[in-house]
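A.B. asks: Pasting the sequence and the predicted model now:
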Amino acid sequence: MENFELRQYQKEALDKLDQELKIKQNVLFVAATGAGKTVTICRMINTYYKETDRRFLILVNKQELIMQFHADLMRKTSIPERELTICCAGLKSKYVDGRVTIATVQSFVGMMDNYPGADLVILDEVHGVTVDGEYGKVLDYLKSKKPYMRILGCTATPYRLGHGLIYGCLLYTSPSPRDRTRPRMPSSA
């Protein structure tokens with residue numbers, strides 16, 4: 001594990017995410033491009049992995065994001081490699097038996113009957129998720145296995161044109177890469 005220190009705004013985001021995930025089923029994590037969402041999420045998973053017996057599913061929309069998450073989980077956490085599984089046809093890997101599974105939604109749909117369920121599902125690039133497609137099918141199935149699972153949506157763009165905020169109330173916004181002096185906490189009105 002590479003020894004590194006989160007930036008202050010990442011630590012604050014991590015604390016806020018932890019607080020919100022304790023009381024809410026759906027949490028939205030918004031941070032500017034380049035602010036370190038992946039690293040922050042990996043640190044959160046590492047903490048939960050060490051302290052609990054929870055299972056984690058990271059759903060992404062392309063294999064490059066699988067490789068990014070896998071590299072960060074390997075380098076920046078203490079999670080054993082045998083506990084990290086990848087489900088991605090493009091990477092010729094369709095395993096879903098680790099405590100931490102990173103998957104493209106397209107490949108996971110075909111394997112979800114073999115998946116034991118997740119306590120926390122992370123939806124990366126959640127601004128592109130629609131509930132009437134494959135993501136909706138997967139989330140409905142996972143909720144049937146673990147009704148109290150948590151969903152953490154991550155994005156740099158929390159709004160859709162013509163629709164507004166993508167889901168829930170905005171819980172945390174990291175500073176933009178140009179202004180990382182203090183986090184902005186929006187009101188939950």
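C.D. replies: In hand now; what should we look at?
A.B. asks: what pairs with the host helix or strand of Val27, and is each one parallel or antiparallel?
C.D. replies: Assigned by DSSP states H and E, Val27 falls within strand 26-30. Paired with strand 26-30 in the same sheet, following DSSP bridges, are strand 150-155 (parallel), strand 172-173 (parallel).
A.B. asks: Report the next helix or strand after it in sequence order.
C.D. replies: For strand 26-30, the following helix or strand on the C-terminal side (DSSP H and E) is helix 37-51.
A.B. asks: If you count neighbours, what's buried in that next one?
C.D. replies: Going by neighbour count (16 or more other CB atoms under 10 Å), the buried part of helix 37-51 is Lys37, Thr38, Val39, Thr40, Ile41, Cys42, Arg43, Met44, Ile45, Asn46, Tyr48, Tyr49. C-beta coordinates here come from the backbone N, C-alpha and C atoms, glycine included.
A.B. asks: Show me what it is packed against.
C.D. replies: Applying 3 or more CB pairs under 8 Å, 6 or more residues apart in numbering; DSSP states H and E, we find helix 37-51 packed against helix 8-23, strand 26-30, strand 56-60, helix 63-76, strand 120-124, strand 150-155.
A.B. asks: quick one: that helix to chain centroid distance?
C.D. replies: Centroid separation between helix 37-51 and its chain, computed with CA atoms, centre = their mean, to the nearest Å, is 10 Å.
A.B. asks: hang on, the earlier thing: in CSV: the strands paired with strand 26-30, plus distance to Val131 and mean neighbour count.
C.D. replies: CSV is the format used below for the strands paired with strand 26-30 (distance: least, CB to CB, whole Å; neighbours: other CB atoms under 10 Å):
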stretch, distance to Val131, mean neighbour count
strand 150-155, 11, 22
strand 172-173, 22, 22
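A.B. asks: For the residue positioned nearest the centre of the chain, which residues are in contact?
C.D. replies: Geometric centre of the chain, nearest residue: Ile122, 2.7 Å, by CA atoms, centre = their mean. Going by CB atoms under 8 Å, 6 or more residues apart in numbering, Ile122 touches Ile41, Ile45, Phe56, Leu57, Ile58, Leu59, Ile151, Leu152, Gly153, Cys154.
A.B. asks: Surely the fourth one and Thr101 touch.
C.D. replies: Think Leu57. Yes. Counting by CB atoms under 8 Å, Leu57 touches Thr101, with 5.1 Å between them.
A.B. asks: Looking at these two, which is more packed in?
C.D. replies: When Leu57 and Thr101 are compared on other CB atoms under 10 Å, the one with more neighbours turns out to be Leu57, at 27 against 24.
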